[in-house]
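Colleague: Pasting a predicted model and its sequence here:
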Amino acid sequence: MPSEHPSQPWGHSSGKSSLIQKWLILILIIVNVFMTIMLLQRYFGQPDFRVPMPTDLTQSELRIIELFRESSPSVVHIRTADFSSPMDQFSMNPQTPRQGSGSGFIWDREGHIVTNFHVIQKADEYMVTLADNSNWIAKHVGSAPSKDLAVLKIEAPRDRLKPIKRGYSADLQVGQTVLAIGNPFGLDQTLTTGIISGLGREIISVTGRSIRNVIQTDAAINPGNSGGPLLDSSGRLIGVNTAIYSSSHVYAGIGYAVPVDLVIRFVPQLIQYHSIQTPSLNFLGVDDFVIHKLKINHMLPSDVSGVMVQAVMPGGAADLAGLKELRLDEAGNLILGDLIMQLDEMPITNTNSLLDALEMRKVGDEVQLMVLRNNKKIKLKARLQDWRNEQ
């Protein structure tokens, strides 16, 4: 009788083992069937609908890749910091310095870096990162706020500086391929491509002055691209990326670049004089809306336009040319100043048109002015001077 008890667990264990064996056999059958199906599909050559990856790049792609390799060493990343923030009024601790980021490019082997004025506008310190990821403290050389241009300088070895190749902007055509290289959102050495989508545009600088003959492009330009180069299909500089047309300040299909002809004209002046020479007559003009009021009050003929002289600077070009300023006679009556209606062959309609006409000249040029004085047109000659800040 006692021998019957051990036999029950033994029989139970044997049943479990048999069940496991059955499951293993079933799994082996399923695996065998699956492998057989796979072998049959391979044997009978089932079609592969996947498109093979291309192994060759187009000539256009190869050209863009080569242009980027050639040009990117000339592009730099600029980081700025402003330490002029006021003290925290509660803790009396300095506020965290404001930081900014933008792009630029190497102008020459002396270490001059060209960028936008608005990139470095409110900064006290500047750090330039070259394409080889080396960092260099930069110093400010000069700025032209009305052109949104600025020049920095780094003390890097000449063999590590690759100046950008320069082109021309006067003969550009809508539809030309362009490339923009910069650091959008701090992403170093980013390339975007597009075309010239418009020419002869105007944008407003931080001073309120218009920048003329600006290039419009559909190449993606985002925050951080400012100051970087816009290149033609030969890798030559044709503009400095400066603005995006978007209320959100994020790329929306239209970007602008200051034309290289303007850059070539003013950068040497910034390097030599630390500011640009601005041809001027050195006088203070009457506001344009005042001219409109004078016409309404019949103090000026309604069919004339121009810029009226309010005050001349002693020894200035306007003074030496004999221009008359706004004044009172002995009886206290208002005597209108001369109204400049024409400069050489260019009609002057308002302050901006006069500034545009002067911008096309150089300091020292002699110009002929057509002015209205006492309702009579007279001609005067003036020699342009550099603009004097004290006016």
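Modeller: Alright, I've got the coordinates. Numbering: from 1, shown residues only.

Colleague: Spatially central residue for the chain, please.
Modeller: residue 242 (2.0 Å; Cα atoms, centre = their mean).

Colleague: what does the host helix or strand of residue 292 contact?
Modeller: Using DSSP states H and E, residue 292 falls within helix 288-296. Residues outside helix 288-296 that contact it (Cβ atoms under 8 Å, 6 or more residues apart in numbering): 300-302, 305-308, 336, 339, 350-351. The C-beta positions use only the backbone N, C-alpha and C, and glycine is treated the same way.

Colleague: helix/strand/coil for the residue nearest to the centre of the chain?
Modeller: With DSSP: H, G, I helix; E, B strand; the rest coil as the basis, residue 242 sits in strand.

Colleague: Isn't it up against residue 256?
Modeller: Yes. Counting by Cβ atoms under 8 Å, residue 242 touches residue 256, with 5.7 Å between them.

Colleague: Spell out which residues are contacts of both of the two.
Modeller: 203, 214.

Colleague: on that earlier part again, which ones are touching the residue nearest to the centre of the chain?
Modeller: 116, 118, 148, 203, 211, 214, 226-227, 256-258.

Colleague: Quick one: the strands in the stretch 151-300 of the chain, in order.
Modeller: Using DSSP state E, counting those that start in this stretch, the strands of the stretch 151-300 of the chain run over residues 177-182, 190-204, 210-217, 229-231, 237-244, 255-259, 279-280, 283-285.

Colleague: so which of the ones you listed comes closest to residue 133?
Modeller: With Cβ to Cβ as the measure, strand 190-204 is the member of the strands of the stretch 151-300 of the chain nearest residue 133 (14.9 Å).

Colleague: Against which helices or strands is that closest one packed?
Modeller: Judged by 3 or more Cβ pairs under 8 Å, 6 or more residues apart in numbering; DSSP states H and E, the packing partners of strand 190-204 are helix 59-71, strand 177-182, strand 210-217.

Colleague: The shortest one - contacts with which helices or strands?
Modeller: Yep, that's strand 177-182 we're talking about. helix 59-71, strand 98-106, strand 190-204, strand 229-231, strand 237-244.

Colleague: most packed of the ones you listed?
Modeller: Burial of the helices and strands packed on strand 177-182 is given as mean neighbour count (mean count of other Cβ atoms under 10 Å); strand 229-231 ranks first at a mean of 31.

Colleague: Pull up the pairing partners for that one, direction included.
Modeller: Strand 229-231 sits in its sheet next to strand 177-182 (antiparallel), strand 237-244 (antiparallel), going by DSSP bridges.

Colleague: low-scoring pLDDT stretches of the stretch 251-391 of the chain, where are they?
Modeller: 251-252, 389-391 (pLDDT under 70).

Colleague: quick one on the thing from earlier: got the helices and strands packed on strand 190-204 as TSV, with mean pLDDT and distance to residue 384 columns?
Modeller: Listed next are the helices and strands packed on strand 190-204 as TSV, based on pLDDT from 0 to 100; distance: least, Cβ to Cβ, whole Å:
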stretch	mean pLDDT	distance to residue 384
helix 59-71	93	38
strand 177-182	94	35
strand 210-217	91	18
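
Colleague: could I get these as JSON lines with distance to residue 31?
Modeller: Output for those, formatted as JSON lines (distance: least, Cβ to Cβ, whole Å):
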{"stretch": "helix 59-71", "distance to residue 31": "46"}
{"stretch": "strand 177-182", "distance to residue 31": "56"}
{"stretch": "strand 210-217", "distance to residue 31": "60"}
